[in-house]
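Undergrad: Just a sequence and a predicted model for now, questions to come.
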Amino acid sequence: MTSAESTQPITRALVSVYDKTGLEDLARGLHEAGVELVSTGSTASRIAAAGVPVTEVSEITGFPECLDGRVKTLHPRVHAGILADRRREDHRAQLEELEVQPFDLVVVNLYPFAETVASGASEEEIIEKIDIGGPSMVRAAAKNHASVAVVVDPLRYSETVAAAKEGGFTLSQRKRLAALAFAHTAAYDTAVARWTSTEFDADSATDVPSTAPAPGRRAKLHFPPYAGLALERVSTLRYGENSHQPAALYAEDGAAPGIAQAQVLHGKAMSYNNYVDADAAVRTAYDFAQPAVAIIKHANPCGVAVGETIAQAHCAAHACDPLSAFGGVIATNREVSAEMAQTVSEIFTEVIAAPSFAPEALEILTKKKNIRLLQLAEGHSRDAVEYKQISGGMLLQASDAISAEGDSPAHWKLAAGTPADEQTLADLEFAWRAVRSVKSNAILLAHQGATVGIGMGQVNRLDSCRLAVQRANTLAGDGVERARGSVAASDAFFPFADGLQSLIAAGVRAVVQPGGSQRDEEVVAAASEAGLTMYLTGARHFFH
Ligand SMILES: NC(=O)c1ncn([C@@H]2O[C@H](COP(=O)(O)O)[C@@H](O)[C@H]2O)c1NC=O
C-alpha cells in the first residue's frame with residue numbers, strides 16, 4: 001500500500017457469522033464509526049443484545065429467512081448490493097432504479113463443515129453444515145473488491161474497525177482481503193469436495209490392496225476421484241535443498257498435527273533440510289513404545305536406540321556412528337531430560353525435535369545459539385495417506401506404519417535355526433522396527449536395543465549388507481567388530497544368498513526379513529547351514 005492510495009468509506013456493512021467471537025466489539029466499533037449494520041438471524045440478535053442498532057436481512061429482502069436457514073441472504077437485494085461496481089455509472093443507476101442500497105463491507109464466517117465431519121456427526125448433520133449463502137456472499141464481495149471490503153477472520157475485526165474509523169480500506173488492502181477470502185472459500189470447498197468424493201463417489205474409488213493384507217494391516221482404503229489439497233503458507237524459508245532454490249513451508253488444512261505444526265522454541269529458523277530430517281527423525285523415534293532416540297543425517301538414520309531413559313537411548317544411538325552424528329538432527333519420543341541435554345550440548349547438533357523439553361534441559365540447550373529446539377504439536381501423528389510429487393502429478397498411498405499386530409514377532413515364521421531367546425527376539429524386533437526408517441535397500445545391524453551398523457540406500461542388497469558390516473566394525477573407531485554377535489534386519493527379501501552370506505561371515509547370529517524371494521529356499525538353506533536363526537515377517541518396509 002502507498003500512503004497516496006485513497007480509501008473507500010464504509011457506511012453500510014453486512015454481517016453474518018457462525019463463529020460469534022469478537023462480534024459485539026466489532027458491531028460496537030462499526031456503529032461508533034457511523035456504519036449501518038445489516039445482519040442475519042442469530043448474528044442480528046447478538047448485535048441487538050449488545051445494544052447496537054441492526055437491521056435484519058429479512059427486512060431488506062422482504063422475504064423471511066426460511067427452510068431452517070438454508071435461505072437467508074440468497075436474494076438479489078443482498079447480492080446486487082454486494083456486486084454492484086460503484087465505479088460504473090450504469091451499475092449505480094440500476095441500484096437506484098431497483099431501490100437497492102449497496103454494501104461497503106461484508107463480514108462473514110462459514111458453518112463449521114470440517115469440524116462437523118471430524119466430530120463424527122451423521123451424514124444429515126454434515127450436509128446441513130455445508131454453507132451455501134456464506135460462501136456466495138464472500139465470493140461476491142471478493143470479486144467486487146473494487147467497491148467492497150470482505151472480512152472472513154475474527155482476528156481482523158480490530159483492523160476493520162480501525163479502517164472504518166479512518167475512512168475505509170484502500171484498494172490494495174481490499175485486494176489482499178479478497179485474496180484471503182477466495183483462499184478461505186477454496187479451502188472450504190476443497191474440504192466439502194473431498195468428503196463428498198469419498199462418501200458419495202465410492203463406486204469409482206479404488207480399493208487397495210488387491211491381495212490379502214498382512215495381519216493387522218488395513219484391508220481397504222478409498223482413493224476418491226477428487227483429492228484436493230488446501231495448503232496454507234506457514235513461513236518462507238531462507239532457501240530450499242540448495243541455496244539457489246527459494247522455498248517455503250506450507251501446512252495442510254485439516255491434516256493431523258505434524259512437523260509443519262511444530263513450534264521452534266529456540267535457535268535459528270528451521271531450514272528446508274532441517275524440516276526434511278526432523279520429519280524422518282520423528283517418524284523413526286515414534287515407531288517405538290520405549291524411550292527412543294533417532295539421529296538423522298540426509299534423511300537416513302545414523303543411530304537409533306531405545307533405553308530405560310531418554311538419556312541412555314541417546315548415548316546408545318550416538319555410539320552407533322559418532323562421526324556422522326556430528327551436525328545431525330535428533331528426535332526423541334519422550335521429554336528431553338537435563339541429562340540428555342548435557343550430553344547433546346557437547347555435540348554439534350542442528351535440531352532436537354521432541355514432544356517436550358524439561359526446564360533444566362531448556363536452560364542447558366538455549367545456551368547453544370546454533371541448535372534449534374523443535375517442540376512437536378500435541379497429538380503429533382502422521383496422516384493415513386501420504387503424497388509424493390512426481391512430474392505432472394502426485395502419487396498417493398496409505399502411509400507405511402508399524403502395525404502392532406502385523407509387525408510383531410508373534411506373527412513371524414521361524415524359517416531357519418533355533419527359536420531366538422528373549423533378548424535376541426527383542427533385538428530382532430527393535431531391528432525390524434528401525435530398518436523401516438532406512439532408505440532402501442536397507443540392512444540394519446543391532447545389539448541390545450541399539451543400531452550398531454546401518455547399510456542404507458544401496459542399489460543392491462549385497463552392498464547394503466557389506467556397508468552395514470563395514471560401518472559396524474569401523475565407525476566406533478575402537479577396533480571392536482560390532483557386527484559379530486549382532487542381529488540383522490532387512491527391509492525386503494534377499495534375492496540371492498550372497499548378502500546373507502556376508503552377514504554370516506561377519507558373525508551376525510540372527511536375521512529377520514520379509515521372505516518371498518524366488519530363491520527363498522537357497523537363502524533359508526544358507527541360514528540353516530550356518531546355524532543362523534532366521535525369521536520371516538511376510539511384510540516389507542521399502543522406503544524411498
Ligand atoms: N443460506 C443463506 O442464505 C445463508 N446466508 C448466510 N448464511 C450463513 O449463516 C451464518 C450466520 O447465520 P446466523 O446469523 O443465523 O447465525 C453464517 O455462517 C453464514 O455463512 C447462510 N446459511 C447457509 O447457507
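TA: Perfect, I can see it now.

Undergrad: quick one, helices of the stretch 201-350 of the chain?
TA: 272-285, 310-320, 322-325, 338-344 (DSSP state H, counting those that start in this stretch).

Undergrad: My error: substitute the stretch 401-544 of the chain in the last question.
TA: Remark: helices assigned in the stretch 401-544 of the chain by DSSP H, counting those that start in this stretch are 422-435, 461-474, 498-505, 520-529.

Undergrad: Let me have the ones you listed in TSV, extended by mean neighbour count and mean pLDDT.
TA: Where C-beta positions appear, they are placed from N, C-alpha and C, glycine not excepted. Formatted as TSV, the helices of the stretch 401-544 of the chain follow (neighbours: other Cβ atoms under 10 Å; pLDDT from 0 to 100):
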stretch	mean neighbour count	mean pLDDT
helix 422-435	22	97
helix 461-474	23	96
helix 498-505	22	97
helix 520-529	18	96
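
Undergrad: so Arg70 touches Ile130, yeah?
TA: No: judged on Cβ atoms under 8 Å, Arg70 makes no contact with Ile130 at a distance of 9.9 Å.

Undergrad: So for those two, which residue has more residues nearby?
TA: In terms of neighbours (other Cβ atoms under 10 Å), Ile130 is the more surrounded of Arg70 and Ile130; the figures are 19 against 12.

Undergrad: got the contact list for Ala299?
TA: Residues near Ala299 by Cβ atoms under 8 Å, 6 or more residues apart in numbering: Val276, Asp277, Ala280, Lys439.

Undergrad: residue in the stretch 251-400 of the chain nearest to the ligand?
TA: For the stretch 251-400 of the chain, the residue closest to the ligand is Asp253, as judged by Cβ to the nearest ligand atom, at 18.0 Å.

Undergrad: neighbours of the residue nearest to that residue when sequence neighbours are not counted, just the number please.
TA: Excluding its sequence neighbours, the residue lying closest to Asp253 (Cβ to Cβ, 6 or more residues apart in numbering) is Ala230, at 3.7 Å. Ala230: 20 surrounding residues under other Cβ under 10 Å.

Undergrad: do Ala178 as well
TA: 21.

Undergrad: try the one 10 residues further on
TA: Number of residues near Tyr188 (other Cβ under 10 Å) recorded here: 22.

Undergrad: in what helix or strand does it lie?
TA: When elements are assigned from DSSP states H and E, Tyr188 belongs to helix 171-200.

Undergrad: Is there contact, residue-wise, from that helix to the ligand?
TA: No: if you take Cβ under 6 Å from any ligand atom as the test, helix 171-200 misses the ligand, and the best it gets is 10.0 Å.

Undergrad: Isn't Leu373 up against Pro355?
TA: No: using Cβ under 8 Å, Leu373 makes no contact with Pro355, being 12.0 Å away.

Undergrad: Enumerate every residue touching the spatially most central residue of the chain.
TA: Taking Cα atoms, centre = their mean, the centroid of the chain lies closest to Gly258, which sits 4.2 Å from it. Residues in contact with Gly258 (Cβ under 8 Å, 6+ apart) are Asp279, Ala377, His380, Ser381, Arg382, Asp383.

Undergrad: Which residue comes closest to the third one once chain neighbours are left out?
TA: What it means is His380. In space, and not counting its chain neighbours, His380 is closest to Pro257: 5.7 Å by Cβ to Cβ, 6+ apart.

Undergrad: returning to what we had before: I'd like to know which of the helices of the stretch 401-544 of the chain lies nearest to the ligand.
TA: helix 422-435 (46.7 Å).

Undergrad: how about the host helix or strand of Glu159: buried residues?
TA: Glu159 belongs to helix 157-165 when assigned by DSSP H and E. Across helix 157-165, burial judged by 16 or more other Cβ atoms under 10 Å covers Tyr157, Thr160, Val161, Ala163, Ala164.

Undergrad: that older thread, what would the helices of the stretch 401-544 of the chain look like in a markdown table with distance to Arg484?
TA: Formatted as a markdown table, the helices of the stretch 401-544 of the chain follow (distance: least, Cβ to Cβ, whole Å):
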| stretch | distance to Arg484 |
| --- | --- |
| helix 422-435 | 14 |
| helix 461-474 | 8 |
| helix 498-505 | 10 |
| helix 520-529 | 17 |
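
Undergrad: Those helices into JSON lines, with extra columns for distance to the ligand?
TA: Converted to JSON lines, the helices of the stretch 401-544 of the chain look like this (distance: least, Cβ to the nearest ligand atom, whole Å):
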{"stretch": "helix 422-435", "distance to the ligand": "47"}
{"stretch": "helix 461-474", "distance to the ligand": "57"}
{"stretch": "helix 498-505", "distance to the ligand": "62"}
{"stretch": "helix 520-529", "distance to the ligand": "61"}
